[in-house]
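Q: predicted model, plus sequence, below.
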Amino acid sequence: MSDIQIWQGPNGITLPASAKEAKDVVPFANYLNERQKAQIISAFQIEAYDMAAEYAWKKAMVKLKETIGTLGMQFVGEMLNRTDIDETTPIDFAITDYSAIVLAEQLGVIGNTAALRLRHANELITHYFSKNAEETLDYATAFSIVKSSVQYILGEQDISIALEFSQFRQRLLNETLKIDDPQVEQIISAPLFYLRTAITILLASIRNDIGAKLEHALGNLNLVISHIWNKIGETDKWNIGTAYRDVTAAGNTIAASGLKAALLKVSGFDYVPENLRSVTFIKTAKQVLDTHFAFNNFYNEPPVVRRLASLGSSIPAPALIDTIQAYLAVYLGNSYGVSRDAAPIARTELSKITRERWYYYFEKVIHNDDVVLLKLGMNQVARFAELLNTNNLTDFEELPRKNQQLYDAIKANNYRRATQLGMELFDNIKRARN
């Protein structure tokens, strides 16, 4: 059998360097028919820039979600930790545009540069089409959205990743591999996102399958766990611990025994949650992020942030990373500002977090928090600095070198330095995924 190949995302099509107008770019949108292309070009000609940008963006998101859907909706649910998603769930209802971009980057459907520019386009779209927008979409902004949509999604030929994924998944679930297997060596040395994908597949099988598939999944997890434990993130470790808690509570003795053996290999029982509160916190925190990156986010954020805050200030350890990330996203806002009603709630809840937990965040989390790293613009750094200073969180020392430098830049409200370091750490994340 051939080796598993770690697939790489496309870097987009090459557009003419001289392309400055819609008529120079839109013809390269192979996914669109001639009538649809003409509609976008005509919208620019009559200065209906919002119509052109929205139409191109929606078509791009439809194509991106269709591509992800070829992997199967069960897998999409596994990757998003969404038990409500099954094979009958329409992809458009299952994930937001932002989630589609993030998931596509993790799976290699799009490249790193594409993901960065598409996230920016998504932020522009959500702002200009929100109720809080005070200005209309101008030509330059609309053109940048359409250009990114064409270059990285609409211009690409059909991207088929279903076959290679299917082969990867089938081997993990239908064979108990051996340590000297070349494919095991590939998995152990693979980038972080690939390890996360493998763990997600194995844990989903351990939770849901019986018989041979369950035995293979447990065997393969036990085979690789000691080799990858120090490479995977805190969230991934909590996911393994949470799976152990779930199968134990469900009375699945075979799965519980296998996961216990795996956790014992790495002294991983610190990552087993004590109760079900963490599940509720994590689910609600993800709803906050989905709302933050969706249309009319400033208007829609307050009720979902209040819902997260109503769960209490005693955040379960497994949910800490997701909860801090959600609150920070709302509190820091974006380049267009913050939700006037939601940001104060987020600030209050962030102020309740203990010094020990903030130290943990800056020591072990922030360098992998792509959401927060990408938010370190001028206003966001100032707001972060104000949060640290007013809560007496300005004396952390002996953090990892880059983390310490970023922390020092933020607390000093050094926008340029914080932005530079944030992008360096974000680039490290991208390299780890490649």
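A: Okay, I see it. Computed from a prediction, not measured in an experiment: that's the story for all the values here.
Q: any idea how many residues pack against residue 178?
A: Residue 178 is flanked by 10 other residues according to other Cβ atoms under 10 Å. (Glycine included, C-beta is placed from N, CA and C.)
Q: quick one: pLDDT of it?
A: On pLDDT, residue 178 comes in at 90.
Q: now do the contacts for it.
A: 184, 223 (Cβ atoms under 8 Å, 6 or more residues apart in numbering).
Q: wasn't it part of a helix?
A: No: counting by DSSP: H, G, I helix; E, B strand; the rest coil, residue 178 is not part of a helix but coil.
Q: and the gap between it and residue 184?
A: To residue 184, residue 178 is 7 Å away according to Cβ to Cβ, to the nearest Å.
Q: which residues are common contacts for the two?
A: residue 223.
Q: just give me the longest helix of the protein.
A: In the chain, assigned by DSSP state H, the helix with the most residues is helix 49-69.
Q: name the helices or strands packed onto it?
A: helix 34-45, helix 91-94, helix 97-106, helix 112-128, helix 139-149 (3 or more Cβ pairs under 8 Å, 6 or more residues apart in numbering; DSSP states H and E).
Q: who wins for proximity to residue 428 among those?
A: Checking the helices and strands packed on helix 49-69 against residue 428 by Cβ to Cβ gives helix 112-128 as the closest, at 11.4 Å.
Q: coming back round to it: any chance of the helices and strands packed on helix 49-69 in a markdown table, plus mean neighbour count and distance to residue 272?
A: Compiled in a markdown table, those are given as follows (neighbours: other Cβ atoms under 10 Å; distance: least, Cβ to Cβ, whole Å):
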| stretch | mean neighbour count | distance to residue 272 |
| --- | --- | --- |
| helix 34-45 | 16 | 52 |
| helix 91-94 | 15 | 29 |
| helix 97-106 | 22 | 25 |
| helix 112-128 | 21 | 33 |
| helix 139-149 | 22 | 43 |
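Q: which stretch among the ones you listed comes nearest residue 293?
A: helix 97-106 (3.4 Å).
Q: helices or strands next to that closest one in the packing?
A: helix 49-69, helix 73-80, helix 112-128, helix 192-208, helix 277-292.
Q: now do whichever helix or strand comes after the last one, average pLDDT.
A: This means helix 277-292. Downstream of helix 277-292, the first helix or strand assigned by DSSP states H and E is helix 297-309. Here helix 297-309 scores 94 as its mean pLDDT.
Q: go on, stretch 338-346?
A: 96.
Q: now that stretch: buried residues?
A: 338, 339, 342, 343, 345, 346 (16 or more other Cβ atoms under 10 Å).
Q: one more: stretch 265-284?
A: Neighbour counts over stretch 265-284 (16+ other Cβ under 10 Å) mark 266, 268, 271, 272, 273, 277, 278, 279, 281, 282, 283, 284 as buried.
Q: by pLDDT, give me the weakest of those.
A: Lowest pLDDT of the buried residues of stretch 265-284: residue 277, 73.
Q: ramachandran coordinates for the closest residue in space to it that isn't next to it in sequence?
A: Of all residues not flanking residue 277 in the chain, residue 316 sits nearest, at 5.0 Å (Cβ to Cβ, 6 or more residues apart in numbering). With angles defined as degrees, to the nearest 10, residue 316 sits at phi -60, psi 140.
Q: pass me the low-pLDDT residue ranges in the protein, would you?
A: The chain contains residues with pLDDT under 70 at 1-10, 157-166, 274, 276, 432-434.
Q: okay, now the domains of it?
A: 22-154, 163-271, 284-433 (automatic domain parsing).
Q: these into CSV, with extra columns for distance to residue 14?
A: Output for the domains of the chain, formatted as CSV (distance: least, Cβ to Cβ, whole Å):
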stretch, distance to residue 14
domain 22-154, 8
domain 163-271, 25
domain 284-433, 21
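Q: the residue nearest the centre of the chain and residue 156, how far apart?
A: The centroid of the chain falls nearest to residue 102 when counting by Cα atoms, centre = their mean (4.4 Å). Separation of residue 102 from residue 156 (Cβ to Cβ): 18 Å.
Q: repeat for residue 63
A: In terms of Cβ to Cβ, residue 63 sits 8 Å off from residue 156.
Q: cool, and residue 350?
A: Counting by Cβ to Cβ, the separation of residue 350 from residue 156 is 40 Å.
Q: who has more neighbours out of the two?
A: Using other Cβ under 10 Å, the more surrounded residue of residue 350 and residue 156 is residue 156, with 23 against 20.
Q: quick one: contacts for the more buried one?
A: 10, 12, 13, 30, 31.
Q: which one of those is nearest to residue 141?
A: residue 12 (19.4 Å).
Q: which SSE is that closest one in?
A: Using DSSP H and E, residue 12 falls outside every helix and strand.
Q: residues near it, how many?
A: Neighbours of residue 12 using other Cβ under 10 Å come to 19.
Q: same question, the one 4 residues further on
A: Neighbours of residue 16 under the rule other Cβ under 10 Å: 9.
Q: quick one: the strands in the stretch 301-434 of the chain, in order.
A: Here the stretch 301-434 of the chain has no strands by DSSP state E, counting those that start in this stretch.
Q: dump the buried residues of stretch 338-346 into JSON lines; add distance to residue 231 as well.
A: JSON lines is the format used below for the buried residues of stretch 338-346 (distance: Cβ to Cβ, whole Å):
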{"residue": "338", "distance to residue 231": "36"}
{"residue": "339", "distance to residue 231": "37"}
{"residue": "342", "distance to residue 231": "36"}
{"residue": "343", "distance to residue 231": "36"}
{"residue": "345", "distance to residue 231": "36"}
{"residue": "346", "distance to residue 231": "32"}
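Q: take those and keep only those in helices.
A: Reading helices off these with DSSP H, I get 342, 343, 345, 346.
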